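Visitor: predicted model and sequence follow; I will ask about them next.
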There are 2 protein chains.
Amino acid sequence: MRQASTGTSQIPVAELSRRARVASRQLARLSNDCRNEILTKTAKTIEENAQRILDSNALDCRAAQLTIAAGKMSSSMFARLRLIPRNIEEMATRVRDVARLPDPLGRRLAATELDENLVLYKETCPLGVIGIVFESRPDVVPQVAALALKSANALLLKGGTEAFHTNQTLVEIWHHSLESFPSVPLEAVELLHTRDDVMELLTLNHDVDVIIPRGSRELVDFVSRNSLIPVLGHGEGICHVYVDRAADVEKAVKITLDSKTQYPAACNAVETLLVHQEIAAEFLPRAALELMQAGVELRACPNTLALLKGSKLIPAGEPDWATEYSDLVLSVKMVGTLDDAIAHIHRYGSGHTETIVTENNESAKRFMKEIDAAGVFHNASTRFADGFRYGLGAELGISTSKLHARGPVGLEGLITYKYKLFGGGHTVAEYVSGARRFTHRTVVQ
Amino acid sequence: MRQASTGTSQIPVAELSRRARVASRQLARLSNDCRNEILTKTAKTIEENAQRILDSNALDCRAAQLTIAAGKMSSSMFARLRLIPRNIEEMATRVRDVARLPDPLGRRLAATELDENLVLYKETCPLGVIGIVFESRPDVVPQVAALALKSANALLLKGGTEAFHTNQTLVEIWHHSLESFPSVPLEAVELLHTRDDVMELLTLNHDVDVIIPRGSRELVDFVSRNSLIPVLGHGEGICHVYVDRAADVEKAVKITLDSKTQYPAACNAVETLLVHQEIAAEFLPRAALELMQAGVELRACPNTLALLKGSKLIPAGEPDWATEYSDLVLSVKMVGTLDDAIAHIHRYGSGHTETIVTENNESAKRFMKEIDAAGVFHNASTRFADGFRYGLGAELGISTSKLHARGPVGLEGLITYKYKLFGGGHTVAEYVSGARRFTHRTVVQ
């Protein structure tokens, strides 16, 4: 077995990053078939090593239970850490799914003839080296490694210490597959160990091309503030459902319920319900009843409180409009106009996903044009904002940043492009002097 | 005249940014025709106010001459500051050119039917508010403002203090045009004044979406290190010409000369010439002669010195391989193989533009696939790396960053996209339960 998986904690992060850079150059030379072979081999190795992964996970879970007893870990965090045999099968399936995606590299985005025998192509290529800092969920390791290797990128991972043994075993499984591809150094996928490692990683902008933080807002903020490397940010999800005056009440109730209760911990769950005052009397009593029956706590504005007096509502305070509950809590606000709804969303929203429920196409059109968010929906649940549901095949996370990738990010987030210019000895002086002129003709591909 | 252009130095940057955000929302509502009208009106106003611009520039130039006398400004910096009537005409022409470009907004990048009556579109839209920090050249103001307004973005500009009066007059001209469009606040284009303003701007990530530094490496580094806002970086240009063993010597000499001497101050000028040892005896004496006749100082590796003994060459030191001379200086290195050339470029290059001169298509293919740079050229001068030459119609700068926009950046650098989902009351629960299944069918557009 080639050495790399053992003792990496002794190797400085700067050296690991340099090795990752070298590995990324080798990955970039592989064919799509070869990259897919690495992935399918790994999926098989995951299945063959299911018990080993579960054993490592059991070690982590035992340690975590002590932490829970000491009040230092939430039960939801523990739930994300714990693996059952079905999770291992899913890991393998996800890796095979990524292998089946079309090759993201070498795609021509544009082709222009600049002049006779001088042709410019814009073609997709890998980013290079990706650093990912994540919390808890060990299934991030095979998922992100599959996306990275599919797109010929090397990967440095730093997971939560609570999942240390599980993550280590999963990375060893990747190394085991890579052993069959002698041109690729095992350091194509490597694990970092400490918070200090992360601090150092964030300064290595010569060897690392992008940092992806996945986890709490605190984690994302910490990484963004300390990184000299561009950050592909997964931000907060303060999402809204706006029930317009022209809403179909049936649809509005159904969409609100799904957006809040289908999986309240997700970033694409709704946090604030905005209701046009002219439909409030018809919509709100029914929606409130169904939401409360589903166990949702409602925090309401004064107008809503007045309308629903007698119901068990809590008055909403200013912080409620800016809070991602990630739980069965929903703030409710009545608005006078569509403009008020748009203004509220722009003031408090995080640019994640916003839904309008209306039968008026003009209002829908305005909402979808003017709202500045990664996803703007008409008559659909906010919960659709997801890479698998969008048909991207896999998801790296959801970005609320506007640069590079926005919204659910699949393989596209891990590629860039380069310009390839093919000439015949052409020089710029000939064009500056006027001896030659550019044609700038789009080449039909 | 609506107030905004005067006394902005009294308004805190945070307030200016908030107003820019409001203005950006209004810009996003304008039609392409209306945005083009703002541009053509401004082009006309620039022409009508040519004398006023020249007068302001004369003020700046007088102050600058004192600075030159005190040794605090280089003559090339002064040359970039000084405007002549032809420059004013060019400013107007460039603004009109941008108006003629196709609408960058509302373009469909993808369309997917997720299920019956549930359709997802990925559409281009503005970034929002753009901050640009630049040095010296006042022609940046109309050029960048045209690109920003064409793509419905608001703009905060901070130019060099040496160009203060010129920049102020140019921004006033934009305000004058905007007065005819009452729905758009004049703060759509605004000038910042001090270094402290910049420091504050870099923290306002709620209201500013991207920062673009244009100028020296020091400026770009300063902005990158201090910004909480994503930076679209114009980095260094350490570009290489590699003359392969199978090069056509005629082409190689011509390309080397153009890449170095056509405009040595440009970031896309070559800094290091790499020569395969098997062609060195044929190529180097001729190239060295022509380069030296053109006034180029050559700094050479030991093998080159030995080959060209008798010529007036300077021995190259380690720092030479990592220096952007921006001047008539060229470092020269002999390499044993194509792999050596690629390794040298990856070690010292800045990922800007790299050229191979060869008649061997396999070598060219390998070079262009494996070299990690924004531009990889075959038998063409590095000087072609430019937005106008690429046919992008306008250029915001050249990015050596790999996220978002890479290489020469035109309008595409100022847009992002959003996902628009049109449903009929769809909820995710139906798909999770298995009652409905996604079709994920690409919609032919």
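Guide: Good, I have the coordinates.
Visitor: bridged to the nearest residue to residue A:106 once chain neighbours are set aside, which residues?
Guide: Counting by CB to CB, 6 or more residues apart in numbering or on different chains, residue A:106 lies nearest to residue A:123, which is 5.8 Å off, once chain neighbours are set aside. C-beta here means a position set from N, CA and C on the backbone, and glycine is covered the same way. Beta-bridge partners recorded for residue A:123 (DSSP bridges): residue A:108, residue A:418.
Visitor: got the contact list for residue A:123?
Guide: By CB atoms under 8 Å, 6 or more residues apart in numbering or on different chains, residue A:123 lies in contact with A:106, A:107, A:108, A:109, A:417, A:418, A:419, A:420.
Visitor: can you tell me the closest non-neighbouring residue to the last one?
Guide: Leaving aside its chain neighbours, residue A:420 sits nearest to residue A:121 (4.6 Å; criterion: CB to CB, 6+ apart).
Visitor: read off the pLDDT value for that neighbour.
Guide: Note for residue A:121: predicted pLDDT of 98.
Visitor: now do the SS call for it.
Guide: strand (DSSP: H, G, I helix; E, B strand; the rest coil).
Visitor: do the same with residue A:198
Guide: Following three-state DSSP, residue A:198 is assigned to helix.
Visitor: before we move on, the earlier item: need the contacts of residue A:123 in JSON lines with pLDDT, can you?
Guide: Below are these laid out as JSON lines (pLDDT from 0 to 100):
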{"residue": "A:106", "pLDDT": "96"}
{"residue": "A:107", "pLDDT": "96"}
{"residue": "A:108", "pLDDT": "96"}
{"residue": "A:109", "pLDDT": "94"}
{"residue": "A:417", "pLDDT": "97"}
{"residue": "A:418", "pLDDT": "97"}
{"residue": "A:419", "pLDDT": "98"}
{"residue": "A:420", "pLDDT": "98"}
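Visitor: buried ones among these?
Guide: Buried by 16 or more other CB atoms under 10 Å in any protein chain shown: A:417, A:418, A:419, A:420, out of the contacts of residue A:123.
Visitor: does the second one touch residue B:370 like I think?
Guide: Going back to what we said before, that points to residue A:418. No - taking contacts as CB atoms under 8 Å, residue A:418 lies outside contact range of residue B:370: 11.0 Å.
Visitor: domains of chain A?
Guide: Chain A breaks down by automatic domain parsing into domains covering A:8-103+A:125-235, A:239-384.
Visitor: with chain B as the reference, measure out to residue A:187.
Guide: From residue A:187 across to chain B, the span is 16 Å (CB to the nearest CB, to the nearest Å).
Visitor: list the contacts for that residue?
Guide: Contacts for residue A:187 (CB under 8 Å, 6+ apart) come out as A:4, A:16, A:19, A:20, A:22, A:23, A:154.
Visitor: could I get the phi/psi values of the last one?
Guide: Residue A:154 has phi and psi values of phi -80, psi 160 when expressed as degrees, to the nearest 10.
Visitor: residues near it, how many?
Guide: Residues within reach of residue A:154, counting by other CB atoms under 10 Å in any protein chain shown, total 32.
Visitor: need the pLDDT of it.
Guide: 98.
Visitor: could you check how far it is from residue B:30?
Guide: Residue A:154 is 44 Å from residue B:30, where distance means CB to CB, to the nearest Å.
Visitor: flag every buried residue along the longest helix anywhere in chain A.
Guide: In chain A, with assignment by DSSP state H, the single longest helix is helix A:50-69. Within helix A:50-69, the residues that count as buried by 16+ other CB under 10 Å are A:50, A:53, A:54, A:56, A:57, A:60, A:61, A:64.
Visitor: ok, which pair from these is furthest apart?
Guide: The most widely separated members of the buried residues of helix A:50-69, counting by CB to CB, are A:50 and A:64 (20.3 Å).
Visitor: for the stretch 301-445 of chain A, which segments count as strands?
Guide: In the stretch 301-445 of chain A, the strands defined using DSSP state E, counting those that start in this stretch lie at A:314-315, A:329-335, A:353-357, A:375-380, A:397-399, A:407-409, A:415-426, A:441-442.
Visitor: what's the span of stretch A:346-363, first residue to last?
Guide: From its first residue to its last, stretch A:346-363 covers 17 Å (CA to CA, to the nearest Å).
Visitor: same deal with stretch A:199-206?
Guide: 15 Å.
Visitor: next one: stretch A:399-418
Guide: Stretch A:399-418 stretches 23 Å from its first residue to its last (CA to CA).
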